[in-house]
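# Please find the sequence and the predicted model below.
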Amino acid sequence: MNVDQTSHKNLVIQCSNLCKSYQQGPQKIEVLQGINLEVARAEKLAIVGASGSGKTTLLNMLGGLDAPSQGTVAVNGQVLSELKEQKKGLLRNQCLGFVYQFHHLLGEFSAQENVMIPLLIRGQSRSEAASRAVATLAKVGLESRLVHKPSELSGGERQRVAIARALVTEPDCVLMDEPTGNLDNETAIAIHQLMVELNDSLEISFIIVTHDISLARRMDRILKLKSGILSEI
C-alpha cells in the first residue's frame, strides 16, 4: 500500500509511530518511541541530541537500512516495510543519498570512480557515469582532483567526494550522519555553505544528524531526540 500521494506529494519522507527496541538479556531497551515525522521536498532538517540518544538509529531507519520494531517509514509515498529487498535497494538508489561521519570511500578507486559507483549500480554506461561524476565533483570544487585516490586527499576533500557520491544520482533527499564531525572549523564552514547552495540549486532535502549547533542553525528546522522522543526545538 502506498501512502496517499495526492495529499502528500510534496513530502519526501514520512514516518508514523516509529519505535525501535532491543532485547538485552531480560531487559527491553527502548531506543525510539512513537516518532512521527514529515520531511518536505527541499526542506533542510537537523536532528540533534546527546550521544547514544538514537539519532543514527533513526537516520538508518529513515533510509531503509534498519527496520523499525513498530511503525512505518515511507519514501516518496512508498512504505519501505512493504517492499522486497531488491525494490527497497532500487528505491534507495533512486531517491536517497547517504553521507556518513567517516567517508567510506573505496581506497583503491579514484575520486571520480568512487562517485561513479551509484550510477553504475543503477545500470548507466561507464561513459555517462564518468561524465556525470566529473560534473558533480565540479559542483563540490574538486574538478582538479578527479584521479586522486582517497589517501591522496585531505579530510575535507574526502568528505566532499562523499557528498558528490551522494548527490550524483540527484536524489530527493540526502541523509547525513555527523557530516562535519571530523573536519576542522574552516572546512566544516565550507561544507555547510556547500550544502545550503546545493539545497537551493537542486531542491534536494537534507536530514542531518549533528552535534554541530552552527550547522543545525543553518537548517529550516531543528528537532531534538531525547529519551527516545523526537520534538521540535
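Alright, I've got the coordinates.
# Can you tell me which helix or strand of the protein has the lowest average pLDDT?
helix 185-202 (a mean of 79; mean pLDDT, DSSP states H and E).
# Now do that helix: which elements does it pack against?
For helix 185-202, the packing partners by 3 or more Cβ pairs under 8 Å, 6 or more residues apart in numbering; DSSP states H and E come out as strand 44-48, helix 155-167, strand 205-209, helix 213-216. No exception for glycine: its C-beta is placed from N, CA and C like everyone else's.
# redo that, cut-off 7 Å
Counting contacts by 3 or more Cβ pairs under 7 Å, 6 or more residues apart in numbering; DSSP states H and E, helix 185-202 is packed against helix 155-167.
# Show me what the most centrally placed residue in the chain is bridged to.
For the chain, residue 175 is the residue whose C-alpha lies nearest the centre (Cα atoms, centre = their mean; 1.3 Å). Bridge pairing for residue 175 (DSSP bridges) gives the partners residue 98, residue 207.
# Please tell me I have it right and it contacts residue 60.
No. In this structure residue 175 lies outside contact range of residue 60 using Cβ atoms under 7 Å: 8.5 Å.
# Low-confidence regions, this protein specifically.
Along the chain, the model assigns pLDDT under 70 to residues 1-9.
# just the helices in the chain please.
Along the chain, counting by DSSP state H, helices occupy 55-62, 85-95, 111-122, 126-139, 155-167, 185-202, 213-216.
# Tabulate those helices (TSV), appending distance to residue 39 and mean neighbour count.
Below are these laid out as TSV (distance: least, Cβ to Cβ, whole Å; neighbours: other Cβ atoms under 10 Å):
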stretch	distance to residue 39	mean neighbour count
helix 55-62	8	22
helix 85-95	12	14
helix 111-122	21	21
helix 126-139	23	17
helix 155-167	16	24
helix 185-202	12	16
helix 213-216	15	17
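# ok, residue 219 to residue 199 distance?
To residue 199, residue 219 is 9 Å away according to Cβ to Cβ, to the nearest Å.
# quick one on the thing from earlier: tell me the angle of the least confident helix or strand of the chain relative to helix 126-139?
120 degrees (axes from the mean of the first three to the mean of the last three Cα atoms, to 10 degrees).
# Distance from helix 185-202 to the middle of the chain?
Its chain's average C-alpha position is 15 Å from that of helix 185-202, according to Cα atoms, centre = their mean, to the nearest Å.
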